[in-house]
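[1] Provided below are the primary sequence and the corresponding predicted coordinates.
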Amino acid sequence: MEEKFDFTIEQLGECKVPSPIELSKEHGEFRANYVRDTSFVRYKVNVFDVNSTENECTKGNLLQKAGPREFIYFNPAHVNAGICTCGGLCPGLNDVIRAVVRCLWYRYGVKRIRGFRYGFKGFFADSGYDTIELTPKVVDDIHKNGGSFLGTSRGGGNRVTDIVDCVESLSLNMLFIVGGDGTQRGALDVAREIERRGLKVAVVGIPKTVDNDLLFIDRSFGFETAVETARKAVDAIHMEAESQVNGIGVVKLMGRESGFIATSTALASHETNFCLIPEVPFDMDGPNGFLSHLEKRLEKRGHAVVIVAEGAGQEHMQATNEKDASGNKRLSDIGVYLCNRINEYFAQKNIHVNLKYVDPSYQVRSAVTTANDSIYCERLGNNAVHAAMAGKTKCVVGLVHDKYVIIPTEMVTRKRNMVDPEGALWRDALDATGQPILMVNNIQSVIEHMKRNAAEEEKKANEKAAK
């Protein structure tokens with residue numbers, strides 16, 4: 001059954017306040033223009049059937065464009081804004097904080113901006129963290145460092161009442177929440193509680209997930225930097241592997257359920273021979289298993305480089321049955337498992353190998369952004385401010401088909417974005433690595449298993465949307 005989407009953006013009220021940003025209302029005047037609420041980007045752009053109506057102008061196919069409006073909802077003199085960063089570190093957090101503060105301050109004249117320390121914990125009195133008064137002077141140079149100037153933490157999003165109590169006590173009317181899938185779900189709960197209390201507070205999310213696993217969005221900020229940093233690790237491990245007799249290099253990268261970093265790094269490095277991701281199952285043993293193909297690679301070329309996403313191959317290991325503070329399932333360590341199995345396999349065959357293993361995850365997360373990612377963060381922060389000033393709420397800003405849009409938070413959190421095993425990205429990765437399409441011994445049973453998993457995920461997403 002085809003998914004039905006609704007990209008309608010919720011509005012706090014009518015926009016009657018003239019924007020302090022002076023722009024043009026007409027094209028052709030050679031000046032920057034305001035964006036109208038009637039400006040959209042089509043979600044479905046691919047045409048698979050010329051007779052199909054799926055590309056029609058409907059609320060399920062039109063995403064509202066982001067940008068400054070001619071009339072805004074909030075009087076800038078009355079705005080009291082807050083911002084927090086949640087979840088794990090990701091390149092670009094400081095760039096986003098800086099962009100939000102400077103746009104509020106310089107473009108709209110907002111002078112009351114609070115930074116909440118250590119994620120949602122900064123809203124709780126029992127945590128003891130005072131807010132930070134944010135001004136351009138405070139944030140001007142923070143983009144030169146990795147990490148988060150405000151600090152971050154996992155968890156706390158379930159304490160919705162406490163968060164909204166804090167928002168109400170501080171008389172905030174604008175809240176920017178920077179975080180990934182779990183954080184934005186928490187932001188949506190907060191926005192709903194704010195609405196239930198009859199408060200007029202815009203809650204706008206800025207999608208931060210280094211795994212690039214938020215639905216609809218082309219890429220999350222920090223992803224490009226993550227791939228660039230990961231590629232350097234692959235380059236180093238390739239040098240090690242190529243310089244040894246039967247050298248094998250294994251690099252574990254982020255990707256709990258989505259293998260975008262691993263896949264993109266394999267494409268970028270040009271040196272990867274195997275890329276293992278959560279979306280594509282593989283057997284370890286048997287004539288068409290990973291170890292057999294690794295052996296063939298060594299026989300042919302004398303060295304091999306393997307990239308593995310952290311969530312890949314979990315079915316081969318004992319589950320931890322634990323969760324972290326964000327509610328994510330704690331994964332077994334596929335990197336260590338893979339290295340142990342490789343060494344055992346070749347030892348049993350009396351084949352000498354030199355195996356090197358690298359896990360650059362924290363180095364990747366804390367890196368300073370590349371130029372292109374820094375540009376992306378700047379524009380995301382600006383567009384988040386424009387959305388909030390116009391009274392948009394329960395939404396996130398993001399890039400779709402290379403255009404900045406506003407997307408309902410409920411839509412981007414209905415399920416995770418994942419690498420499509422039938423899509424062009426994975427197909428190109430297979431071309432780059434030269435690995436088999438599937439490294440399994442019973443292909444039909446695996447295909448049936450993947451179909452069941454896809455149907456189950458679809459069912460969960462539809463049930464969540466129906467609530």
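    In hand now; what should we look at? In this text, all values refer to a predicted model and were calculated from it rather than measured experimentally. Numbers count the residues shown, from 1 in each chain.
[2] now the helices for the stretch 201-350 of the chain?
    223-242, 260-269, 290-301, 334-348 (DSSP state H, counting those that start in this stretch).
[3] can you redo those helices as CSV with mean pLDDT, distance to S445 and mean neighbour count?
    Yep, even glycine has a C-beta here, placed from its N, CA and C like the rest. Shown next, in CSV, are these (pLDDT from 0 to 100; distance: least, CB to CB, whole Å; neighbours: other CB atoms under 10 Å):
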stretch, mean pLDDT, distance to S445, mean neighbour count
helix 223-242, 95, 32, 21
helix 260-269, 96, 24, 25
helix 290-301, 97, 17, 17
helix 334-348, 96, 22, 17
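[4] now the most far-flung residue of the chain relative to its centre. Its backbone dihedrals?
    Residue farthest from the centre of the chain, counting by CA atoms, centre = their mean, is N350 at 43.6 Å. Per-residue torsions, N350: phi 60, psi 40 (degrees, to the nearest 10).
[5] E295 versus that one, what's the distance?
    Distance, N350 to E295, using CB to CB, to the nearest Å: 12 Å.
[6] go on, E315?
    E315 sits 22 Å away from E295, going by CB to CB.
[7] with N173 instead?
    Distance of N173 to E295, computed by CB to CB: 63 Å.
[8] repeat for I407
    Applying CB to CB, the value for I407 to E295 is 46 Å.
[9] for this structure, name the helix or strand with the lowest mean pLDDT.
    Least confident helix or strand of the chain, by mean pLDDT, DSSP states H and E, is helix 443-466 with a mean of 72.
[10] next up, the contacts around N80.
    Applying CB atoms under 8 Å, 6 or more residues apart in numbering to N80 gives the contacts R112, R114, L170, S171, L172, N173, M174.
[11] and the residue nearest to it when sequence neighbours are not counted, what pLDDT?
    Leaving aside its chain neighbours, N80 sits nearest to R112 (4.6 Å; criterion: CB to CB, 6 or more residues apart in numbering). Looking at R112, its pLDDT is 97.
[12] likewise for E2?
    pLDDT recorded at E2 is 55.
[13] distance from the chain centre to the helix or strand containing L399, please.
    Following DSSP states H and E, one finds L399 within strand 395-400. Centroid displacement of strand 395-400 relative to its chain, using CA atoms, centre = their mean, to the nearest Å, is 11 Å.
[14] what average pLDDT does that strand get?
    95.
[15] now the angle from the helix or strand just after that strand to strand 395-400?
    For strand 395-400, the following helix or strand on the C-terminal side (DSSP H and E) is strand 403-408. Going by axes from the mean of the first three to the mean of the last three CA atoms, to 10 degrees, strand 403-408 is angled at 150 degrees with respect to strand 395-400.
[16] now tell me what touches the following helix or strand past strand 403-408 from outside.
    Using DSSP H and E, the next helix or strand after strand 403-408 towards the C-terminus is helix 409-412. Residues from elsewhere that reach helix 409-412 (CB under 8 Å, 6+ apart): 5-7, 184-185, 187-188, 191, 203, 205, 207, 214-217, 394-396, 398, 465.
[17] may I have helix 409-412 as PDB, with CA atoms only?
    The C-alpha trace of helix 409-412 is given here as PDB (Å, rounded to 0.1, in the frame of the first residue of the first chain):
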ATOM      1  CA  THR A 409       8.100  17.000  12.400                       C
ATOM      2  CA  GLU A 410       5.500  14.200  12.400                       C
ATOM      3  CA  MET A 411       6.500  13.400   8.800                       C
ATOM      4  CA  VAL A 412      10.300  13.200   9.300                       C
END
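[18] which residues sit in contact with I97?
    By CB under 8 Å, 6+ apart, the residues touching I97 are I83, T85, G115, L134, V139, I142, S148, F149, L150, V178, G381.
[19] which residues does the last one contact?
    Yep, that's G381 we're talking about. D95, V96, I97, R98, A99, V100, C103, I206.
[20] gap between it and V397?
    Using CB to CB, G381 is found at 9 Å from V397.
[21] any shared contact partners between these two?
    Between them, G381 and V397 share the contacting residues I206, judged by CB under 8 Å, 6+ apart.
[22] picking up where we left off before, give me the sheet partners of the strand holding L399 and which way each runs.
    When pairs are called by DSSP bridges, strand 395-400 turns out to pair with strand 202-207 (parallel), strand 403-408 (antiparallel).
[23] cheers, nothing more for now.
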